[in-house]
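Engineer: One predicted model, sequence on top.
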Amino acid sequence: MKINELKIMKNIYLYFVFILISAQMNLFAQNIQNKGNYTYQVREEQGDLNNDGKTDKLTVKMDTTDETRPFRLQVFLSQPNGKKLTLAVSSTKIIEPQYPIEKQGEPNGYQIPNFFIEKGILSMWSEIKGGNITYDFKYRKGNFELINVKKLTTNATRGYIDENTIFTETNFNLISGLRTETDDKLGSKKALSIRKKTVLIRPLPKIQDQKFSDKELY
């Protein structure tokens, strides 16, 4: 092969490499842009989460450009050297999209979770099938760790409760590992059944790793 032909082949190769790299960069830029469409705010709570006496903030925003309507939770913490809040954690996994893909355009059937800040604890209250669940997170060593889970469910299958409905309350202290289930009925003065067991989860789950489907774990 002649030298000129080698130069032509080399230029063609470099051209295709350039096109490939450009396409990948464009795709990367589009992905970044798509991740920035959480503009519709649906929740905001304020309170002291890192025990510095200053106000911190939590927001939940929806991406209205995505047909599944996903949510992003973000927590902003105060800093010791100024009034500006700094992003401490961000998650798009902890809240189920309003229109999950598997529902094929149908809503998930639950209201958007509520959040509360009290005595340094960040609580997330969510509806689940037949009841509700509350996650308690505490800021420790630079992370929001799951320290307690409370869940209330019923055995009602007809859409209403009556004197025969059994309520099951689950309280799971992840720090001690003690998990307690209590069965009860309306108006009952004594629990029908109490079950206790120890389940140690180490390390404690972090809020950024928590998925909406993890409710089945507790």
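Structural biologist: The structure has been received and is ready for your questions.

Engineer: What ranges does this structure have for its helices?
Structural biologist: 3-34 (DSSP state H).

Engineer: could you point out the longest strand in it?
Structural biologist: The residue-count maximum for a strand in the chain (DSSP state E) belongs to strand 143-154.

Engineer: For that strand, buried residues please.
Structural biologist: Residues of strand 143-154 classed as buried: 143-153 (neighbour count, 16 or more other Cβ atoms under 10 Å). C-betas here are computed from N, CA, C, even on glycine.

Engineer: Tabulate those (CSV), appending distance to K215 and pLDDT.
Structural biologist: Below are the buried residues of strand 143-154 laid out as CSV (distance: Cβ to Cβ, whole Å; pLDDT from 0 to 100):
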residue, distance to K215, pLDDT
N143, 21, 96
F144, 17, 98
E145, 17, 98
L146, 12, 98
I147, 16, 98
N148, 14, 98
V149, 9, 98
K150, 12, 98
K151, 8, 97
L152, 12, 97
T153, 10, 95
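
Engineer: which among those gets closest to G47?
Structural biologist: F144 (13.2 Å; Cβ to Cβ).

Engineer: which ones are touching the closest one?
Structural biologist: For F144, the contact set (Cβ atoms under 8 Å, 6 or more residues apart in numbering) comprises 49, 75, 88-89, 122, 137-138, 206-208.

Engineer: re the thing from before, for the buried residues of strand 143-154, work out which two are farthest apart.
Structural biologist: Every pair of the buried residues of strand 143-154 checked by Cβ to Cβ; the farthest is N143 and T153, at 28.9 Å.

Engineer: what about E163, neighbour count?
Structural biologist: By other Cβ atoms under 10 Å, 8 other residues sit near E163.

Engineer: Now it: phi and psi?
Structural biologist: Dihedral pair for E163: phi -70, psi -10, per degrees, to the nearest 10.

Engineer: Hmm, it is touching S188, no?
Structural biologist: No: assessed by Cβ atoms under 8 Å, E163 is found out of contact with S188, at 9.4 Å.

Engineer: Just give the closest residue to the residue nearest the centre of the chain, not the sequence neighbours.
Structural biologist: Against the mean C-alpha coordinate of the chain, by Cα atoms, centre = their mean, the closest residue is I94 at 1.3 Å. Distances taken as Cβ to Cβ, 6 or more residues apart in numbering place Q210 nearest to I94, at 4.8 Å, with adjacent residues excluded.

Engineer: dump the residue contacts of the one you found.
Structural biologist: Residues counted as contacts of Q210 (Cβ under 8 Å, 6+ apart) are 91, 93-94, 135, 146.

Engineer: Now with 7 Å, please.
Structural biologist: The neighbours of Q210, taking Cβ atoms under 7 Å, 6 or more residues apart in numbering as the test, are 93-94, 146.
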